[in-house]
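S.K.: sequence first, then the predicted structure:
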Amino acid sequence: MVVEEERAVALDMEKILTNLGYDVAPVQLKTEEAFKKMEEISPDLILLDTKLMDKREGQEIFGSVRCLRSIPILYLTAKAETEALKRAEIMTPFSCIFMPCEAKEVSAAIEIALYRHKTEEILNQKKEALESIYRMAMSANPTIEKVCDDAALNLRDILRVAGVSICHRRGENISIISLLHHGNLSHDLSVPLKNYPSALVYEKKESCRFTGNLGEKFPENDLFSQGAFNSYLGVPIKGDGKNVWGVISVMDEGERLFNEEEARLISIFTRYVTQVIERHDFHRQLQTSQEKELIFQIATGVAHEVRNPLNSILAISEALSQDLKDQPEYKPFLDHISTQVDRLSVLMKDLLELGKPIKEGALSRVPISAICDSAVDLWTKGNHRKRVKINRINHLLDSARTEVKADGLKLQQVLFNLIENAIHHSPEGTEILIEIPEVKDDQVRVLVVDMGQGIPPQYLARVFEPFFSLRKGGTGLGLSIVKHIVKSFGGEVVINNNTPYPGVTVEITLPLA
């Protein structure tokens, strides 16, 4: 935009700029009109007559333009106007053009001014980002939600964008921790991964940017249909340097092509968010570890304290059985005592198992296929009245060499418990499937599939809780022990109802040795 008192000079400059390929707003001859026009079109550069700075209103108006709107100003002045130029220098112009001038001088001055302005803007943005991170770091024990809110607010102000979101992936959904949309913060939103542009960041594991109407690209996402965003930049939050924990996204209404510097600026915030997440994870793991150790100590102590009285009760009941064998009316009571003592003995055994930590030194390389076979054989050789067939399917390419690091007997116990549990819930004449799929991503999986009634959906999340049981007469510790042992081997265990019904599938995942 050209602001010049002399019409002839203004028109000459307009012609030069047009020939150089610049889009020139209508020439402004008065300060007040120029300010109104500037508010309307927000130009990238202002060419300003230094004589206008002799007037108080000119200094006030263009001082605010320079400081508040961060629009670079390039002064137009005659070589003889040294006093006017000195007064104008108070406003820290980016450059000066001495009139009259040639097109190449104007072009050079503009390029220098725009480059200097861009450099200043980048430095200021980085300074603001680092100051923001410093303020956030000074907060006492901030939650992840508070950190994400602060990051969203700061990025909005630094990059001057209409929308910021910070999210992480949960399965096939995106969980939005913080969403800043036209000044309003929202939390705990969930949308399908395919309906959110962050899916591209997760897929490529690097920054992604594009322009175009986001409402058209993601029509099933109400956020974009309402916000009319037309530009996007997403930067990954990497937890361990490789895996993408989440994504910080910035969006704007215009078709703005975000650049690499802006991506690097956002990465300053992603690194801080990563540090906060890792710190929270460490504290949570420490707390969980301490809680587990306490539970193990209590479980072991209780089991030892109860076992001795139980043995005494069992010995007394057996003696009474001998003394009262000729009095059948007492037999139901003695049988009840014996049954309950046996049940409590099993419970104490399970408590000791749950309270027993598995040490690293007890682990060795064991072939997973052989362990599965031994667990099935162990169950088959038992005295089982229920007629249920066990079918084994092994997809491993090299069973003998497919090994996991585990305690072989403990792993056999896990599989035996799962087989026994599956058979207990299976109708007569049905089949139990033990399947070992092909190795994938250096992980070995073992599936135990039954044809029972399944687990009510409301109880699926509780099946590994100690003392929770849907099985009459069970201790409720069997699956807790399974999970404890499997996690000690660095693995995971999950239970899901079969689709379609009937039955459930227990899936054990262990890392290859």
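M.R.: That came through fine. Numbering: from 1, shown residues only.

S.K.: who does the helix or strand hosting residue 175 touch, helix- and strand-wise?
M.R.: For residue 175, the enclosing helix or strand under DSSP states H and E is strand 173-181. When contacts are defined as 3 or more C-beta pairs under 8 Å, 6 or more residues apart in numbering; DSSP states H and E, strand 173-181 sits against helix 144-159, strand 163-170, strand 184-192, helix 222-227. (Each C-beta comes from the backbone N, C-alpha and C, glycine too.)

S.K.: wasn't residue 501 part of a helix?
M.R.: No: secondary structure of residue 501, determined by DSSP: H, G, I helix; E, B strand; the rest coil: coil, with no helix assignment.

S.K.: quick one: pLDDT of it?
M.R.: Confidence at residue 501, expressed as pLDDT, is 78.

S.K.: mind listing what the spatially closest residue to it that is not a sequence neighbour touches?
M.R.: Nearest residue to residue 501 in three dimensions, chain neighbours excluded: residue 454, at 5.8 Å (C-beta to C-beta, 6 or more residues apart in numbering). By C-beta atoms under 8 Å, 6 or more residues apart in numbering, the residues touching residue 454 are 497-498, 501-504.

S.K.: closest one of those to residue 257?
M.R.: residue 497 (48.1 Å; C-beta to C-beta).

S.K.: what about the closest one, how many residues nearby?
M.R.: 16 (other C-beta atoms under 10 Å).

S.K.: is it in a bridge, and if so with what?
M.R.: On the basis of DSSP bridges, residue 497 is bridged to residue 504.

S.K.: now do the top helix by length along the chain, average pLDDT.
M.R.: The helix that spans the most residues within the chain, counting by DSSP state H, is helix 260-323. Per-residue pLDDT over helix 260-323 has a mean of 75.

S.K.: packing partners of it?
M.R.: Using 3+ C-beta pairs under 8 Å, 6+ apart: helix 260-323 touches helix 103-137, helix 144-159, strand 231-238, strand 244-252, helix 331-354.

S.K.: can you list the helices and strands packed on strand 173-181 in JSON lines and add distance to residue 113, mean neighbour count and mean pLDDT?
M.R.: Converted to JSON lines, those look like this (distance: least, C-beta to C-beta, whole Å; neighbours: other C-beta atoms under 10 Å; pLDDT from 0 to 100):
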{"stretch": "helix 144-159", "distance to residue 113": "22", "mean neighbour count": "20", "mean pLDDT": "88"}
{"stretch": "strand 163-170", "distance to residue 113": "30", "mean neighbour count": "22", "mean pLDDT": "88"}
{"stretch": "strand 184-192", "distance to residue 113": "37", "mean neighbour count": "12", "mean pLDDT": "86"}
{"stretch": "helix 222-227", "distance to residue 113": "34", "mean neighbour count": "17", "mean pLDDT": "67"}
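
S.K.: contact partners for residue 415?
M.R.: By C-beta under 8 Å, 6+ apart, residue 415 lies in contact with 371-372, 375-376, 434, 446, 448, 508.

S.K.: and the residue nearest the centre of the chain, how close does it get to residue 281?
M.R.: Taking C-alpha atoms, centre = their mean, the centroid of the chain lies closest to residue 168, which sits 3.0 Å from it. Distance, residue 168 to residue 281, by C-beta to C-beta, to the nearest Å: 13 Å.

S.K.: between the two, which contacts overlap?
M.R.: Here residue 168 and residue 281 share no contacting residue, scored by C-beta under 8 Å, 6+ apart.

S.K.: ok, back up a step: including distance to residue 35, could the helices and strands packed on strand 173-181 go into CSV?
M.R.: Shown next, in CSV, are the helices and strands packed on strand 173-181 (distance: least, C-beta to C-beta, whole Å):
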stretch, distance to residue 35
helix 144-159, 24
strand 163-170, 29
strand 184-192, 31
helix 222-227, 30
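
S.K.: which one of those lies closest to residue 311?
M.R.: Distance to residue 311, taken as C-beta to C-beta, is lowest for strand 163-170 among the helices and strands packed on strand 173-181, at 49.2 Å.

S.K.: between the closest one and helix 260-323, how many degrees?
M.R.: 30 degrees (axes from the mean of the first three to the mean of the last three C-alpha atoms, to 10 degrees).

S.K.: and the angle from strand 163-170 to strand 173-181?
M.R.: Going by the same axes, to 10 degrees, strand 163-170 makes 160 degrees with strand 173-181.

S.K.: closest one to residue 203 out of the contacts of residue 415, please.
M.R.: Of the contacts of residue 415, the one sitting nearest to residue 203 (C-beta to C-beta) turns out to be residue 508, at 28.6 Å.

S.K.: now do the SS call for the closest one.
M.R.: strand.

S.K.: swap in residue 202?
M.R.: Under three-state DSSP, residue 202 comes out as helix.
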